[in-house]
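[1] Sharing a model prediction with you, sequence too.
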Amino acid sequence: MNRSVPHARLVVAVVLLGAGLVAGCGASTTTEAAPESTALAPAVVDVTTVVATTGSIESALEISGTLTPLSRVGVKPKLPGAIDRMLVDIGDAVTIGQPIATIDRREIDAQADAAVAMVAVGKAGLETAEAGLANAVLEFDRARNLFDKGALPRQRLEGAQTAHRSAVAQRDLAAASLAQADAALRRAREVQRNATLTSPVTGYVVERNYDAGAIPGDLPVVVVADMRQMKLEAGVSELEAGRMRVGLKAVVAVQAKPGQAFAGQLAAIAPEVDERNRHFQIDVRVPNPNRALLSGMYATARIIEATVSDAVLVPREAVMTRDGKRIVRKILGDTVTAVAVTEGLSDGTRIQIVSGLAAGDTIMADARRPLPEGAKVRAVASR
């Protein structure tokens, strides 16, 4: 028993010594590896890239609103009275001057007939007065000859002279009465014409408010719209208005006709700002020969300001502002370099690069993405 105890103690001592050696070796290994961890290579970051391309680009301003006819005119009667006949209906095509409706004109025609009769009376009265004047002229000439020969007293000569002046006055009065009758007849004819309502423009009847027999009130009898051209009006900011000029081409699309485009033109720019919203009114005109566009349709117009061919193009997100300059982040091998660029046109998704970049250069797709200091990059092409 006494020999076995020292033997056990010896075994324990050996085990403990071995454990200490192992621990010492472990500590030595960790100390030597520490310098290696501080010398690791910089991290490699995957970045999405795009290649600058060449192509055509348009700079355009988009507006939206409701299409309206070039003109829309309500036709109201100039005379009171019931409608005798309606000659058009909604949707009918009409030309300028075409009869649309008539007002009951029986009383008007009677007044016109009376005016015709008054003209006839005036003419007869003028003829009578002229005949009387001719006779007075002969009597005065005869009396003057006799007076010159001493065969007629002065009193008779003066009487003939007075009769002559009276005849002239009667003739002038008859002429004035005839002129008055003529004026009354012209007025009666004008009233007769006003009894027929005519279209003030060439277009289409878009509204009809009365039938035959009705007495028109505040509403127009019909509304005629000139739909040969449609217009789209919108307000634009001061900066946008400054880039606009009359004659610029526009491409118009309407929700009711998906996939179709209609050619238009910027026809007018208001010379004064609307104080309510600080906008300038612009007017885009769209030819509508086939009436494909209807009044009230919602439409958008893309007004093309400028077009450039063979432009160097990059996505809008590839350009950012840094220190007051516009830059792109160019990929050279595994490094990123900020390059200052000069921009040209933009279509909202792409930007033209005028200087600082060439077609075929690889850049970060999103210039705003942060990167660690000194990081290396691995380009991943954008899909």
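    Looks like it arrived, so ask away.
[2] Neighbouring strands - and their directions - for the longest strand seen in the chain?
    Ranked by residue count and defined by DSSP state E, the top strand of the chain is strand 53-75. Strands that pair with strand 53-75, judged by DSSP bridges, come out as strand 222-236 (antiparallel), strand 298-315 (antiparallel).
[3] mean confidence for that strand?
    Per-region confidence: strand 53-75 scores 92 on mean pLDDT.
[4] and the next helix or strand after it, what other elements does it pack with?
    Proceeding C-terminally, strand 53-75 gives way to strand 83-86 as the next helix or strand, assigned by DSSP states H and E. On a contact count with 3 or more C-beta pairs under 8 Å, 6 or more residues apart in numbering; DSSP states H and E, strand 83-86 meets strand 99-103. The C-beta positions use only the backbone N, C-alpha and C, and glycine is treated the same way.
[5] related to what we said a few turns ago, from the strands paired with strand 53-75, which stretch is densest packed?
    Among the strands paired with strand 53-75, strand 222-236 has the highest mean neighbour count (mean count of other C-beta atoms under 10 Å), at a mean of 21.
[6] Could you pull out the buried residues of the helix or strand following it?
    The C-terminal neighbour of strand 222-236 among helices and strands, as given by DSSP H and E, is helix 238-243. Across helix 238-243, burial judged by 16 or more other C-beta atoms under 10 Å covers Glu240, Ala241.
[7] Distance from helix 238-243 to the middle of the chain?
    15 Å (C-alpha atoms, centre = their mean, to the nearest Å).
[8] got a list of contacts for it?
    Counting by C-beta atoms under 8 Å, 6 or more residues apart in numbering, the neighbours of helix 238-243 from elsewhere in the structure are Leu61, Ile269, Val273, Arg278, Phe280, Ile282, Glu305.
[9] Mind doing that once more with 10 Å?
    The contact list for helix 238-243 (C-beta atoms under 10 Å, 6 or more residues apart in numbering) reads 59, 61, 63, 234-236, 269-271, 273, 278-282, 303, 305-306.
[10] Can you say which of the strands paired with strand 53-75 is nearest to Gly344?
    Using C-beta to C-beta as the measure, strand 298-315 is the one of the strands paired with strand 53-75 that comes nearest Gly344, at 6.5 Å.
[11] Kindly export that closest one (C-alpha atoms) in PDB.
    What follows is the C-alpha trace of strand 298-315 in PDB, where atoms were taken according to Å, rounded to 0.1, in the frame of the first residue of the first chain:
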ATOM      1  CA  TYR A 298     -57.400  63.200 -69.900                       C
ATOM      2  CA  ALA A 299     -54.100  63.600 -71.800                       C
ATOM      3  CA  THR A 300     -50.400  64.100 -71.200                       C
ATOM      4  CA  ALA A 301     -48.100  66.000 -73.500                       C
ATOM      5  CA  ARG A 302     -44.400  65.600 -73.800                       C
ATOM      6  CA  ILE A 303     -42.900  68.800 -75.100                       C
ATOM      7  CA  ILE A 304     -39.500  68.100 -76.700                       C
ATOM      8  CA  GLU A 305     -37.100  70.900 -75.900                       C
ATOM      9  CA  ALA A 306     -33.900  69.600 -77.600                       C
ATOM     10  CA  THR A 307     -32.500  66.400 -79.200                       C
ATOM     11  CA  VAL A 308     -28.900  65.300 -79.300                       C
ATOM     12  CA  SER A 309     -27.500  62.300 -81.300                       C
ATOM     13  CA  ASP A 310     -24.400  60.300 -80.500                       C
ATOM     14  CA  ALA A 311     -24.400  61.500 -76.900                       C
ATOM     15  CA  VAL A 312     -22.500  59.800 -74.100                       C
ATOM     16  CA  LEU A 313     -25.200  58.600 -71.800                       C
ATOM     17  CA  VAL A 314     -25.200  57.300 -68.200                       C
ATOM     18  CA  PRO A 315     -28.100  56.500 -65.800                       C
END
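[12] Pull out the buried positions in the following helix or strand past that strand.
    Reading on from strand 298-315 to the C-terminus, the next helix or strand found by DSSP H and E is strand 320-322. Judged by neighbour count using 16+ other C-beta under 10 Å, the buried positions of strand 320-322 are Met320.
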